[in-house]
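In: Compute the structure for the input listed below.
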Amino acid sequence: MLDPMRLFPSEPAARKVAASLYETVRDLPIISPHGHTDPAWFAKDEAFPNPAALFIQPDHYIFRMLYSQGVSLESLGIPQADGKPQPVDPREVWRIFAKHYYLFRGTPTRLWFDYSLSENFGLKERLNPGNADQYYDIIDKKLQTPEFRPRALYEKFRIEVISTTDSPLDTLEYHKAIRESGWKGRVLPTFRPDAVIDAEYSGFVENIEKLGSITGENIGTFKGYLNALRKRREFFITMGATATDHGHVSAMTADLDPQTAESLYQRILSGKSSAEEQQLFQAQMLTEMAGMSAEDGLTMQLHPGSIRNHNKPLYEKFGRDKGADIPSPTEYVRNLRPLLNKYGNSTNFTFILFTLDESTFSRELAPLAGHYPVLRLGPPWWFHDSPEGMMRFRETATETAGFYNTVGFNDDTRAFLSIPSRHDVARRIDSAFLGRLVTEHRLDENEAFEVIKDLTVTLVRKAYKL
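Out: Numbering: from 1, shown residues only. Sure thing, here's the model as predicted:
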């Protein structure tokens, strides 16, 4: 099911070099600085309930494909927005997945899932309706053993550090429990302030009021609101956070004078602001967040360009993050100029840019990162977290930004068992790209061995201050 030479070039000389490069990084530790795993897994260290709950229900890569082919989310046991669990048989959910597994041919999900079955459970035949029940029983039995508890898997996967994504209103109680347990695993929070910056976010005004209550700041003024955010960032830092994360529709930034910013904030706080005012507020807040990062040293990540919850009826029934987020064209050069004019030359600020618009890599992002000291390019993300997406990124970004204005690989996943397979794909593609450069005499072989290690562990440690 897994060819040892998968994803390497077909040309023999480049293939040989790629394989040699890969061998040097295959077993290096996994550094996962941006993801969405649940910190409660590591705090409680309880067995995963069943194969469906582990593989299918948390993974929108899987259930969005099934949904596109007429499989209802109800039949898969996906929780609805009201929080009520769906009364489904997890074995039947698994059977539905097995019946439709052919849909994933040619997708990265197929690579990740085949890897998980083979490497974690010793299952060498591809999943199909005929072996579905047998595989379910084998996986379910192993999930009840100590070796398959979250902390044991963390150690088995050679994870050095993993970050979660957390609301500024979060108590971080599970992170606190992990730290107090004596376990040596590093599970770090990431400050994600969307709930109190995006006026379209459900319960936005109430969230800001809660922010004021938590921090004791007067959120009735823009100054008090910013102070409240600073206090929450300080709290996250005490809990181990090294980064912030921002999911905006666009990369638009602004640099308003204090009086205009205060007036805009009052409109936002009233709950009667226009769409244009909400967009401008988000733009201003990106610049404010950059300023705070320049002060406190938290690495800042921007993930723009996703039109969230495109399927309104599905969103109303099931809530956010149910596979209906769709990429949109994104402009960076003009939109980022206000922020970069103010903080682009700072010495204590790292700003990592992601995109869902691949056309911007060579035209906008690589030239920007190839100039501004604060900028780094994040790896291919979401829809482009694939062999082809990774290779296109290296081909289009490297010639202008080089390797050292990038930050390695982020797995960006809720599906815990897919993490080692995702990193394995990235290491193979980087090895394949470098192998080609070596055989084309564009890079010395000894340099390639240095670069592959840097792309695997060195750059990510530096960018995220790990």
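In: Once you drop chain neighbours, what's closest to the residue nearest to the spatial centre of the chain?
Out: What sits nearest the mean C-alpha location of the chain, by Cα atoms, centre = their mean, is residue 412, with 2.4 Å. If the residues on either side of it in the chain are set aside, residue 412 comes closest to residue 34, at 5.5 Å by Cβ to Cβ, 6 or more residues apart in numbering. All C-beta spots, glycine's among them, are computed from the backbone N, C-alpha and C.
In: returning to what we had before: check contacts around the residue nearest to the centre of the chain.
Out: 34, 35, 36, 381, 382, 385 (Cβ atoms under 8 Å, 6 or more residues apart in numbering).
In: Need the pLDDT of it.
Out: Here the pLDDT value assigned to residue 412 is 91.
In: quick one: it and residue 201, what's the gap?
Out: In this view, residue 412 and residue 201 are 20 Å apart by Cβ to Cβ, to the nearest Å.
In: With residue 227 instead?
Out: 21 Å.
In: repeat for residue 20
Out: 49 Å.
In: Keep only those of the contacts of residue 412 that are in strands.
Out: Per DSSP state E, strands hold no members of the contacts of residue 412.
In: Grab the nearest non-local neighbour of residue 391.
Out: Here the residue nearest residue 391, using Cβ to Cβ, 6+ apart, is residue 429, at 5.7 Å.
In: What helices and strands are in contact with the helix or strand hosting that neighbour?
Out: Residue 429 is part of helix 419-439, with elements assigned from DSSP states H and E. In terms of contacts (3 or more Cβ pairs under 8 Å, 6 or more residues apart in numbering; DSSP states H and E), helix 419-439 is packed against helix 12-25, strand 30-32, helix 108-121, helix 387-401, helix 445-453.
In: Rounded mean pLDDT for it, please.
Out: Mean predicted confidence for helix 419-439 is 98.
In: tell me the angle that helix makes with helix 12-25.
Out: 140 degrees (axes from the mean of the first three to the mean of the last three Cα atoms, to 10 degrees).
In: Residues contacting stretch 428-443, please?
Out: 6-9, 11, 13-19, 21-22, 25, 387, 390-391, 394-395, 444-445, 448, 451-452, 455-456.
In: Give me the PyMOL select line for those residues, limited to the buried ones.
Out: Buried members of those, defined by 16 or more other Cβ atoms under 10 Å, are picked up in PyMOL with:
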select buried, resi 7+8+9+14+15+16+17+18+19+21+22+25+387+390+391+394+448+451+452+455+456
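In: Quickly note the distance from residue 285 to residue 190.
Out: Going from residue 285 to residue 190 by Cβ to Cβ gives 17 Å.
In: likewise residue 386?
Out: The gap separating residue 386 from residue 190 is 24 Å, by Cβ to Cβ.
In: who has more neighbours, these two?
Out: residue 190 (23 against 18; other Cβ atoms under 10 Å).
In: how about the helices of the stretch 101-250 of the chain, start to end?
Out: 108-121, 132-143, 150-156, 173-181, 204-215, 222-238 (DSSP state H, counting those that start in this stretch).
In: neighbouring contacts of the shortest one?
Out: Spelled out, that is helix 150-156. Residues outside helix 150-156 that contact it (Cβ under 8 Å, 6+ apart) are 41, 42, 45, 46, 48, 146, 147, 162, 183, 185, 416, 417.
In: The residue nearest to residue 412 against residue 245, yeah?
Out: Yes - assessed by Cβ atoms under 8 Å, residue 34 is found in contact with residue 245 at 6.6 Å.
In: Let me see the contact set for the nearest residue to residue 217 once chain neighbours are set aside.
Out: Leaving aside its sequence neighbours, residue 217 sits nearest to residue 228 (Cβ to Cβ, 6+ apart; 3.9 Å). By Cβ under 8 Å, 6+ apart, the contact set of residue 228 is 211, 212, 214, 215, 217, 219.
In: got those residues as CSV, with neighbour count and pLDDT columns?
Out: Shown next, in CSV, are these (neighbours: other Cβ atoms under 10 Å; pLDDT from 0 to 100):
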residue, neighbour count, pLDDT
211, 23, 98
212, 17, 98
214, 16, 97
215, 20, 98
217, 20, 98
219, 23, 97
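In: now, among those, which is nearest to residue 78?
Out: Among the contacts of residue 228, residue 211 lies closest to residue 78 (Cβ to Cβ), at 29.8 Å.
In: ok, the closest one touching residue 227?
Out: No - the criterion here is Cβ under 8 Å, and residue 211 misses it with residue 227 at 10.4 Å.
In: Overlap of the contact sets of the two?
Out: Contacts common to residue 211 and residue 227, judged by Cβ under 8 Å, 6+ apart, are residue 217.
In: got the angle for the helix or strand where residue 262 lies vs helix 222-238?
Out: Here residue 262, judged by DSSP H and E, is contained in helix 258-270. Compare the direction of helix 258-270 with that of helix 222-238 by the same axes, to 10 degrees and you get 80 degrees.
In: Output the contacting helices and strands for helix 258-270.
Out: helix 222-238, helix 275-296.
In: can I get those in a markdown table with mean pLDDT and distance to residue 464?
Out: Listed next are the helices and strands packed on helix 258-270 as a markdown table, based on pLDDT from 0 to 100; distance: least, Cβ to Cβ, whole Å:
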| stretch | mean pLDDT | distance to residue 464 |
| --- | --- | --- |
| helix 222-238 | 98 | 13 |
| helix 275-296 | 98 | 12 |
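In: Out of the ones you listed, which gets nearest to residue 166?
Out: Of all these, helix 222-238 comes closest under Cβ to Cβ, at 7.5 Å.
In: now that closest one against helix 275-296, angle please.
Out: Angle of helix 222-238 versus helix 275-296, following the same axes, to 10 degrees, is 50 degrees.
In: ok but residue 310 is inside a helix, no?
Out: No - assessed with DSSP: H, G, I helix; E, B strand; the rest coil, residue 310 is coil; it does not lie in a helix.
In: can you offset everything so residue one is 823?
Out: Sure, I'll start counting at 823 from here, so that last one is residue 1132.
In: Show the contacting residues for it.
Out: Residue 1132 touches 1146, 1147, 1148, counting by Cβ under 8 Å, 6+ apart.
In: Out of the residues you listed, which comes closest to residue 988?
Out: Distances from residue 988 to the contacts of residue 1132, taken by Cβ to Cβ, are shortest for residue 1147, at 19.3 Å.
In: so the closest one sits right up against residue 1129, yeah?
Out: Yes - Residue 1147 is within contact range of residue 1129, at 6.8 Å (criterion: Cβ under 8 Å).
In: residue with max distance from the center of this protein?
Out: Quick read of the chain (Cα atoms, centre = their mean): farthest out is residue 1081, 35.9 Å.
In: Give me the nearest residue to residue 1172, chain neighbours excluded.
Out: Nearest one to residue 1172, counting by Cβ to Cβ, 6+ apart, is residue 1121 at 4.5 Å.
In: what's around the one you found, how many residues?
Out: Residue 1121 has 24 nearby residues by other Cβ under 10 Å.
In: And residue 1263, by the same measure?
Out: That count, for residue 1263 with other Cβ under 10 Å as the rule, works out to 7.
In: picking up where we left off before, among the contacts of helix 972-978, the buried ones, what's the ChimeraX command?
Out: The following ChimeraX line selects those of the contacts of helix 972-978 that are buried, judged by 16+ other Cβ under 10 Å:
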select :863,864,867,870,984,1005,1007,1238,1239
